[in-house]
Structure formats: structure tokens, C-alpha cells
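**Q** Quick one, fold the following:
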Amino acid sequence: MATQKNVFALLIGIDKYKNINNLHGCVNDIDEIENYLYLNKNFNVTIQKLINNQATRKEIINGFENYLSEAKENDTILFYYSGHGTQERADSIWKEETDGLLECLVCYDETNKVSDFLLADKELRFLIAELYERTHAHIVTIFDCCHSGDNTRNGALVEASFKSVIKKIVYDKNGGPFPQRQWSEFLFSNSIKEPTSNIPQGVHVQLAACESNQTAIEIAGEGVFTKTLIKVLKGCGGNISYNVLRSRLRQYMRASFEQTPRVYIPINASKILDYGFLNISIDSKKMLAEVTKNNKNGWQLNVGAIHGLNVTSGVNIVNVEDPTKIFKAKIRENGIFIDFTLIDAEGLESDKVYKAEVLGLLTQELKLEFKNHDATLEEASKLFNELTATACGSFSFREVKGIENNEKDSGKIEVVDYTFHVRSGEVFITLPKDPYRPLIRPIPYIGQSNYDNIIGTIQHISRWHFIKNLQNTNRGKDSFDNPLEIKITQTSENTIIFPINNDFASIAYEKKGNDWSGTIKIEITNTTHKDLYFCALYLTKEFQCFLDLLPQRVQLLEAGKSISLSINGSENIELELGNVEKEYNWPKTIETLKFIISTSLFEAEALTLDELPKPFTSDDIEELTTKNFRGLKINKAIESSSWITQTLNLEFINPTYNRISAGLLNKLLQYEETVYFASRLYYEIKLDKFGQPTIWELKKGLIIPEDEKGLYDDIKIFLGNKYETAIRKNRYEKLKQDPSRLRVVAEGDSWFQYPIQLQDIVDQLYKRYAVLSLAEAGDTLENYLKKREYVKAIGDEGSKIFLVSGGGNDVLGKEFQFFLKDEPDRDDDSPKRYLTQKFFNQLEKLERLYVEMFSELISQYKDLHIFVHCYDYIIPLDTTISGNKKKTSWSGKFMIEKKIIPQTEREKLISYILDQFAEKIKSLISKNNFQDNVTLIDTRNLVGRNNWSDEIHPTNIGFELIGNKFIEEIEKIAIKKKYY
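**A** Residues are numbered from 1 along each chain as shown. Alright, predicted model coming up:
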């Protein structure tokens, strides 16, 4: 038996600081970590804790240099910190710190001297390098804190979503980062005399609670990162690699808290990512199952034949409260059912919670990506937790993004089976990286008790997936490889035998009139010298599994004999190209024939699955069809003495791929249940000559019939004017069924509506509010007032919040070129010297329009609050740079034509224009006494230089930062005016 590993743990938890805002959950966090370590039977652990005033900078350094240094080469070192984080300004020599800041732990502040209580990341790096040189142990550091500035992507959303939220970060007295310290104040200054960027690096694994521009939080006295970490570790019994741990943590945290943990491994990342947590060996065959007592049947496991359980599987039962107590369990005779197993075990108590370590399973875990488009954090967290609580090894959520050897995060890309989307009050499932081809009909979760339906559906897919991959690794000595010969013939005027290569057969449809169909015959021959029993399971793309291809369902096939599969007694099996394949433009679909073969008779009925409801198609426009989830038929045992499987995948080529009639496309775009998917499958967005996303073009590769090109142009016009607004209205109708969401009306331009390619401001707000968006890309403030759609909408929806994004196109749109002088004013050295009077006239016009809008709304809706913003400092494209010459510019090129140089001067002019715009809004709010009803959200200086998608639109991250600011300001007013 291998010797148990030793773990040396230094745990730091600081709730109470001397002069800094206190926290409440950090000491509780280290107690949870301590409890997990002591109860883990995989290693021997020694722990030193530093709590509150014990956790000074000096004592933490001493812990590294003395206590942790007792570890040896095969040991593991754990440094865990829960407390405040912060930033300090970095020496310019550290070029890798692109934001010019160091990340720091905030130790107990026994003095007011900054260098006495901040421990910078460079200092930790030095301590870890020295520790590794002394011990060569496996080093793990865990940080439940954050180092972000005040401008975070998730802070306001999380604070608005949960009660008792505390951010784990502090700032200097000026509200920003702490000042740069002298080199002599760093702990390594005695070893490294001169400032240098070459700080040594030690081999270690770092787990951090969030990205550098996110907020780490505690809720109700618990650090959410630590709580989630412990939950994941307990759920798998610590039997998990760093890469899978990273993946599961990121999915849990992003779904519930918009917080993205990091795993950073500076050296040998690709290798170490596959190590077990704390360097514990991983047993790929071990799985944790739930143990429950059924009043009728006694003790049982919630895993069964569908998970690959068999009579040889070893079962050890563990007391969750005391993992040192282990009980041996015995599987009852005929006790294995499709998804549960009856067991006998002595010494179990009904009031205790137990887990079972099950060895030798054939389980093939379904890997899902959880993609939250617009669920509130409360909704997403509840849904995510409900699903994971029922998974028990049959499926799990994984993070699909992986970044290797990055300074901020390490990780290998995880391959998932499906993406689980949460959007518009519904959930649906797609293949990964194919978000607009749903595999099932979307299932509502808002306003309906549909959690059981959703859970049942995902379990159904998990079972289907397991059956598809089912095989017996405990085969008998007398079993055969591929004992069945399969021949597929197209039965038409010209008989064609479809070749089978690597268990794949490609099936072609035949054109008959206006339809695509066909007929095939599938003949099965027993090539062995033994009589065999077999069943033919057919697994469809709708996640159905049926046995109807054989009249007896489990058929005896004598040695050397043949039989043809049939449906309803006919050996000629009809093929038909379905509307889902045609309308969702599938290039091909794959269905599977799964043969289970045995030398003795067996029961296979338990493997049947009903079809899941198909995605909406044009067939549903006239009359919506509904179909409830029914799922797997259970309570039938499946055991056999010797069995094997054989698989044939049938690949059906779609002859209508990239071909769709204008009439059908128009139907799909007009139908609220299909317009979201169809528009994105068939169209892409192009920017017009003013940089606005108003042009819709058919995707390249689509074949347009010559006689229908004019009809496609008509559809294009419809899309450009109406499509996105129609989709968002439908989205609003579904989201407003959630009574906890505030109803919001929004009018605006492309910062409120940027279709398909970017997640604009309104997209960011859907995770908190039900937003009725009337915005259109390229629209102007003057046009809003001509239409006045928002006035009626506010009344109809009972909205107390109105958002407006207007003025950007008016000052930086198509009129911008006329605001520039041919020659600047020589008597003025400010950016104003480049501008004509037309610009200032435009500002006056915008003021009149805003006053008109605000006055009318405040007069009509006394309790309405209006939010307006002032954009951010866009970065004009420098087309004089060779790499930018082929790029499109909408503002930079006009300034270059007017010889406004250099680039910094052009950027100053843009900043001046937007500052004048912001000041004009501030002024009109003040002088018209709108303060009680109108808030200017100052969105300047939020978007970094690297977070612009083009000259005038931020990237998704940029819009997320702005959206966070919107939520922050809306919540202030909502709480003040008691809108909740």
C-alpha cells in the first residue's frame, strides 16, 4: 500500500482589521478549509492558522520561511488566504503589468505604514520560489480576495442580486490604488539589490477567486469562492484534476455570481493541470453516489445499469460527517435497475448522510457548458444548483475556454458534448459552438413550475448519450468482435449498397417531385458459429431510443443466418427529410444503430426512451404543438451473463443545405419562436458608411434562386428596420413573467441595440431587469421624438424606469465631418479650435430635444425615473498607420483629411466633444429642475483602449463594464424610491 502524502497547510483568515473595513466570512472560510483537510483520508495534514491580528505581514512571511519549509520533496504545501485584496502602483520596470499595478494581499494592519501590511504579488512570487528551492514540494496557493479597481464587470450585478454582499477589496484613502513603494520596502530587496523585472518563479499552482477586473465577494458571512470550492471537492471526493476543477469552478461561479476563478500554473502548466488536487492520485474509475433509504426497498444507490454498475462493482459507503467511518456494501441479487441499485450494508443509521465510492463503473459522464444569456443571478444559481444536485456523475458542467501558460490563467480546453443555453426565460440545448441550431424545443422556466421538466430533459439526454456509447469492458473470453455483418441497401430503381467505413454509413436522399425522401433496407447477418440474441436500438436526433426494428425486440439469430430490420412489418424503411434539418440549415444529421448482442436471452425494454419535443418549425406557425417530457421507463432490471455492443452511425446528408426559399425564410423570420435562430443562421451584420450595424446580408455560401432575389431584398429591408426590435419585444414578454424583475423601457441607438455580433448595454441589463427595448441601430434623438413609441410603452407596461441612449450619432455620426474647420483657430490652443459653430448649434438642438422628452415624460408619469448616458471616449482610427489603411474609419479619416495631427490631438478632440456633450446634459438637468427624475450615468473612462470593437462601439467586455455602471445607478434609485 502506498504511503499517504503529507500536506502542510498555512491558512490565513482576516475578518477584523484595525483601520480597514471589516469582513465577516474569512475566519469561517478557513474553518471550512481546515475541516475539509482534516476529514480527507487521502493524506496526513498539519495545519497552522493565522486569524485576524495574528495575520500580520511579518507572521505570514515567517510561515513561509519556517513552518512551510518543513515540507519535503514528496509533500504538498497549501497556502490559503481569505481577506481583503488591493492594488498598488508598480515600478515601470515591470512591463508585464500592463495596467501599471501590482496585486496585493492586505495583511492585518498593525501600523499605518503601507509596506507593513501589503504583501505584493511579486513578493509572494519570491517567497514561493525560495520555498520551492528549499523543499521541491508540490505547492498550491488559494486566494479568496480580489485585486480589481473600482471599475469591475460584475460588482453591481452581484450586489443587486444578493443580500448582505461584501466586496473583498480595499482602496487607498484617495479611492484608488495604494502608492508605489520604495524598492527597499520589498521583502526581496536584500537579495535583489537593484530594481529588476527578473523576480524568480517557483513551480506552483495558484487558484484565484476571480479575474483581475471582477469582484470577489462574500455573501451572508461566506466567501462564495471558498464555499464553491469545497462544494466541488466534496462532490467528487477530491478525485479531480486541476484542469477539471478549474472548469467546474468557472461554470459554477459564472452561472451564480458572474465571477470567473483562475488557475494559474507558471511552469509546466500542461503537465501539472492533469495532476490531482493537492497532488493526490486520481482514480478515473471511482465515482461518488448518493446513498438513501427507501421505506419500501431499504438502502439504495442512485446509480444503476445506465451508469455501468454491475455485480463486480465495489461499493464503499462513507459517513459524510466523518469520512474515516467506512462501511462495506453488497449489491443485492437482481438489485441493479436502470438508474438505481438496491444494496445491503450493516451499521448504517437512518438519520445520517452517506456517500458511496463506487469502483469499476463504465460511466461516461456527459459534459455540458452552461451558457447564461439573460437569467438573473438568482435564477441561474437556482437552476444550476438544481441540475447539479441531480447529476451524480451522469453529467457535469464544464468550462470550455482554456488558456495555457498565460500570466493570468492556465487551463486546457475542455471538449463538451452540448451547450445548455438559458435565454428569454427558456432553456434549450445545442451542440457546442453551434448556438442557433437547438436540438430540443425551448423549455420555459419563468412563470411555470418546469424545473422537473428541465431536469428530466437533461437526464433523458444523459441516458441517451450513455446508451449511444454503451459497451461492456468485462467481456467474457468467448465473446466476438463485431459478430454482426451489416448491409445497407438503397431500394430504388438503381440498387445501391452504401459502404460502411469506421462504423459510419453516409445515406443520400432521393428527389421525388418536390420532396426529398428514400427507402433503405438493412440486413443483419450472424457471422459467428454461435446462436446470438440481439436487439437493435435506434437512437434518433430527437434523443429517442426505440426497439421497434425487430418484431421480437430481442431476437434470436442463429449462426450464419440473416434478418432484415423492419418498421411496422415492412423491410423497406422509409426516409424523409424533416423540417428541422431544412429550416435550421443542418449540413447533415447523424443517427445511430446500437446493437446489444448476447449468448443468452436478456431484457432490453428499460433502454427505451421517448422522443423529446422538436424545435419549432414553420409547421408550428398555424397551430403550436406541445409535448410533455416522459423520459425513460424504469424499474426493469438489466443483467446478462455475457454481452457486447456494436455501433453503426448513419450520416444523413441534407440536400437542401444552404438553400432556402424566400417564402420559407420570411415565414421563419416573422414567427416569434424561430426568428432568433433563423436570422442568425442565415444573415450576418455589416456596418454602413457611418459605422452603424444596419446592413443585413445573407451569409456567404447561401444559394439564391434567380427568380427570388427580389424577394430576398424585401426580407433584408424588413430585417434592417424591424427584426431585432421584434426579437427583443418577444424576449421582454417572456422575461416580464418573472415578478422579481423591474420593468424597464429603453429607447436608443446602437449602444442599446447592436445585433448578433456584440452584447450591447441592454444585453447586459437582461440579467437583472425585464427590458422592453425600442432602440434601433443608427437612430437619432430627433427621430425618437418623432416616433414617441416610448411614451405609450411606459404607460402600457407600468414601467418606472426609462433608459435613453441618444446623441452619439448626432455629434459623431454622419454630421461629424461638417463640424470640422478647414483651418483651426490660431488664437485658441484648446480642441475647440478645430470645431465650427455647427457643432455647438447641434449641442443646443440636442438640449432642446432632451428637455422636450424629459418634460413630457415627467409631466405624464410622476414616479418615472429617467437614465441617460454620455458614451465613452472613442478612439478614432489612425489610417496613416500601414496596418490600418484597409480598415474602415468614420471619424478618424475626417480629422486626418483636415490635417489634425498627431493621433493624440485627434483623441483630445473626441474627448472634448464628448465632454461638451456630457456637460450639456448635466446643465439641462440642473437648470430645468430634473434632478429628482433624471440621472446622468457618467460612462466616461470605463472602456479601456483594448476594449473597443471598432471606432465607436466597445467590445463585449467594454459593454459589460458600462452595463455594470448602469445597474449600479439604477439600483441606487430603485432602492431610494422603493421600486422593489
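**Q** now residue 492, what's its secondary structure?
**A** coil (DSSP: H, G, I helix; E, B strand; the rest coil).
**Q** Pull the contacting residues for the closest residue to it other than its chain neighbours.
**A** Take residue 492 and drop its neighbours on the chain: the residue closest to it by CB to CB, 6 or more residues apart in numbering is residue 510, 6.1 Å away. C-betas here are computed from N, CA, C, even on glycine. The contact partners of residue 510, taken as CB atoms under 8 Å, 6 or more residues apart in numbering, are 490, 492, 516, 517, 518.
**Q** Just the pLDDT for the second one.
**A** The score at residue 492 is 71. That number is its pLDDT.
**Q** same deal with the fourth one?
**A** For residue 517, the model assigns a pLDDT of 86.
**Q** Please indicate which of the contacts of residue 510 are buried?
**A** 490, 516, 518 (16 or more other CB atoms under 10 Å).
**Q** Give the buried residues for stretch 902-912.
**A** 903, 906, 907, 909, 910, 911, 912.
**Q** Mind checking which of these land in helices?
**A** 903, 906, 907, 909, 910, 911, 912 (DSSP state H).
**Q** Go ahead and flag the most central residue of this protein.
**A** residue 371 (3.9 Å; CA atoms, centre = their mean).
**Q** need the next SSE after the helix or strand of the chain with the lowest mean pLDDT, C-terminal direction.
**A** Scoring the helices and strands of the chain by mean pLDDT, DSSP states H and E places helix 709-718 at the bottom, with a mean of 59. The helix or strand immediately downstream of helix 709-718 is helix 724-735, counting by DSSP states H and E.
**Q** list the buried ones in that next one?
**A** 724, 725, 726, 727, 728, 731, 732, 734, 735.
**Q** any idea how far residue 839 is from the nearest residue to residue 265 once chain neighbours are set aside?
**A** Nearest residue to residue 265, sequence neighbours excluded (CB to CB, 6+ apart): residue 410, at 4.3 Å. To residue 839, residue 410 is 50 Å away according to CB to CB, to the nearest Å.
**Q** Could you check which of those two has the larger neighbour count?
**A** Legend: neighbour count by other CB atoms under 10 Å for residue 410 and residue 839, higher for residue 410 (25 against 21).
**Q** what about the more buried one, which SS state?
**A** coil.
**Q** Go ahead and confirm it touches residue 261.
**A** No: between residue 410 and residue 261 there is no contact under CB atoms under 8 Å: 12.0 Å.
**Q** what residues do those two have in common as contacts?
**A** residue 246.
**Q** Show residues contacting the helix or strand containing residue 563.
**A** According to DSSP H and E, residue 563 maps onto strand 562-564. Strand 562-564 is contacted by residues 521, 522, 523, 524, 525, 526, 550, 555, 557, 571 when judged by CB under 8 Å, 6+ apart.
**Q** The fifth one should be in a strand, yeah?
**A** Yes: the secondary structure assignment for residue 525 places it in a strand, going by three-state DSSP.
**Q** For the stretch 51-200 of the chain, which segments are assigned as strands?
**A** 76-82, 85-89, 101-106, 118-120, 138-144, 165-167 (DSSP state E, counting those that start in this stretch).
**Q** could you dump those strands to JSON lines with distance to residue 251 and mean neighbour count?
**A** Output for the strands of the stretch 51-200 of the chain, formatted as JSON lines (distance: least, CB to CB, whole Å; neighbours: other CB atoms under 10 Å):
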{"stretch": "strand 76-82", "distance to residue 251": "22", "mean neighbour count": "25"}
{"stretch": "strand 85-89", "distance to residue 251": "23", "mean neighbour count": "23"}
{"stretch": "strand 101-106", "distance to residue 251": "24", "mean neighbour count": "24"}
{"stretch": "strand 118-120", "distance to residue 251": "31", "mean neighbour count": "22"}
{"stretch": "strand 138-144", "distance to residue 251": "18", "mean neighbour count": "24"}
{"stretch": "strand 165-167", "distance to residue 251": "21", "mean neighbour count": "19"}
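**Q** mind giving me CSV with the ones you listed and columns for distance to residue 598 and mean pLDDT?
**A** Converted to CSV, the strands of the stretch 51-200 of the chain look like this (distance: least, CB to CB, whole Å; pLDDT from 0 to 100):
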stretch, distance to residue 598, mean pLDDT
strand 76-82, 47, 96
strand 85-89, 60, 89
strand 101-106, 61, 90
strand 118-120, 65, 92
strand 138-144, 47, 94
strand 165-167, 58, 62
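**Q** Which one, of the ones you listed, ends up nearest to residue 663?
**A** Nearest of the strands of the stretch 51-200 of the chain to residue 663, taken as CB to CB: strand 165-167 at 52.5 Å.
**Q** Residue ranges in the stretch 51-200 of the chain under the pLDDT threshold?
**A** Within the stretch 51-200 of the chain, the segments meeting pLDDT under 70 span 147-169, 197.
**Q** now do the stretch 651-800 of the chain
**A** Ranges of the stretch 651-800 of the chain meeting pLDDT under 70: 709-721.
**Q** can you list contacts of stretch 911-925?
**A** So stretch 911-925 is in contact with 807, 811-812, 819, 830-832, 835, 839, 843, 846-847, 850-851, 868, 870-874, 930-931, 934, 936, 938, 940, going by CB under 8 Å, 6+ apart.
**Q** again with stretch 97-108
**A** Here stretch 97-108 has contacts from 12, 14, 17-18, 20, 52-57, 60, 81, 83-90, 92, 94, 117-122, 124, 143, 145, 147, 149, 170, 177-178, 212, using CB under 8 Å, 6+ apart.
**Q** now stretch 63-76
**A** Counting by CB under 8 Å, 6+ apart, 5-8, 10, 43, 48, 50, 77, 79, 127-128, 130-131, 134-140, 278-279 sit against stretch 63-76.
**Q** Filter these down to the buried ones.
**A** Judged by 16+ other CB under 10 Å, buried ones among the contacts of stretch 63-76: 5-8, 10, 43, 50, 77, 79, 127-128, 130-131, 134-135, 137-140, 278-279.
**Q** Can you tell me which of these end up in helices?
**A** 127, 128, 130, 131, 134, 135.
**Q** those helices in the stretch 551-700 of the chain, which residues are they?
**A** Using DSSP state H, counting those that start in this stretch, the helices found in the stretch 551-700 of the chain span residues 579-583, 662-670, 675-682.
**Q** any chance of these in JSON lines, plus distance to residue 441?
**A** Formatted as JSON lines, these follow (distance: least, CB to CB, whole Å):
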{"stretch": "helix 579-583", "distance to residue 441": "10"}
{"stretch": "helix 662-670", "distance to residue 441": "15"}
{"stretch": "helix 675-682", "distance to residue 441": "12"}
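**Q** between those helices, which one is nearest to residue 454?
**A** Using CB to CB, the helices of the stretch 551-700 of the chain put helix 675-682 closest to residue 454, at 19.3 Å.
**Q** which residues sit against the closest one?
**A** Applying CB under 8 Å, 6+ apart, the set of residues contacting helix 675-682 is 424, 435-438, 583-585, 615, 660, 665, 668-669, 696, 698-699, 702, 719, 723, 726-727, 730, 756.
**Q** Apply 7 Å and report the result again.
**A** 436, 438, 584-585, 660, 665, 668-669, 698-699, 702, 719, 723, 726-727, 756 (CB atoms under 7 Å, 6 or more residues apart in numbering).
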